[in-house]
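Participant: need a structure here:
(one chain, ligands or ions: 1)
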Amino acid sequence: MRTFVYFSQSARTSGNFDVKNLMDAGRLDIAMHVIINAFFLSHALRDDVALHLVFYGMPDPPKHIEIRVTKETSLSKKDTATLIKKILYKYRPGKKTEAMPGCFVEKKSFLQVIAELEKEGKKVFILDKTGENIRKADLTEESVFVIGDQDGLPKKELKRLKKIAKKISIGPNVYFASQVVSVINNEMDMRGV
Ligand SMILES: C[S@@+](CC[C@H](N)C(=O)[O-])C[C@H]1O[C@@H](n2cnc3c(N)ncnc32)[C@H](O)[C@@H]1O
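Facilitator: Residues are numbered from 1 along each chain as shown. As a prediction, this is how the structure comes out:
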């Protein structure tokens, strides 16, 4: 299962946001693009992807949302914002809640999410323009790709992360987080991983 972790310092952490104005919901628009590029193919959904969204915005940070496609998952490209709204409304303190099939929500920090993935034996990569060329990286289906928001990854956490994870780059430009997801999916597809 290839895994993406998208960190957002500003994304809203409760369901009371306007789905028609996602930029004002702490740039939730970026998270929606990440979801679309993580899971959607033409006429198909990827069931080999796990997406972890970690939101640090107001009013109740941090929130960890995990999404996988199961046989029962209903994902609509037009309605990813409503999906996130519903998931956030289903949050219950003190437990990991399955808000709907394949979609979970809990309170968990960015570093805790990464630590748990590492504990499962996964290999963590930080996506960074200055990293090693992705085409030379040793990627397996157990790879975890950590991607920052419009301002990148938070400095303090990044310092800790660098001790356990390698930086990899998809090219010389700074790309949108969602574009990074697409390129990684394509790289993994091309390798047959
Ligand atoms: C819009 S960029 C963030 C720009 C931010 N000003 C910065 O300097 O990090 C969003 C995220 O995409 C990833 N990213 C962007 N360009 C990349 C590249 N060329 N190689 C690898 N990752 C990249 C990084 O994880 C980054 O945090």
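Participant: what's the nearest residue to P154 if we skip its chain neighbours?
Facilitator: Spatially, and ignoring its direct neighbours in sequence, P154 is nearest to Q9 (6.3 Å; C-beta to C-beta, 6 or more residues apart in numbering). For glycine as for every other residue, the C-beta is placed from the backbone atoms N, C-alpha and C.
Participant: The one you found and E98, how far apart?
Facilitator: For Q9, the distance to E98 equals 26 Å [C-beta to C-beta, to the nearest Å].
Participant: So for these two, which sits in the more crowded spot?
Facilitator: Q9 (19 against 13; other C-beta atoms under 10 Å).
Participant: Run through the residues that contact that one.
Facilitator: Y56, G57, D149, D151, P154 (C-beta atoms under 8 Å, 6 or more residues apart in numbering).
Participant: Using the three-state scheme, assign the closest residue to G148 other than its chain neighbours.
Facilitator: Closest residue to G148 apart from its sequence neighbours, by C-beta to C-beta, 6+ apart: F7 at 5.6 Å. Three-state assignment for F7 (DSSP: H, G, I helix; E, B strand; the rest coil): strand.
Participant: what pairs with F7 across the strands?
Facilitator: Counting by DSSP bridges, F7 forms beta bridges with V54.
Participant: tell me, which of the contacts of Q9 make contact with the ligand?
Facilitator: Restricting the contacts of Q9 to those near the ligand by C-beta under 6 Å from any ligand atom leaves D151.
Participant: Now, of the contacts of Q9, which are buried?
Facilitator: Y56, G57, D149, P154 (16 or more other C-beta atoms under 10 Å).
Participant: Please tell me how far K108 sits from the ligand.
Facilitator: Using C-beta to the nearest ligand atom, to the nearest Å, one gets 20 Å for the distance from K108 to the ligand.
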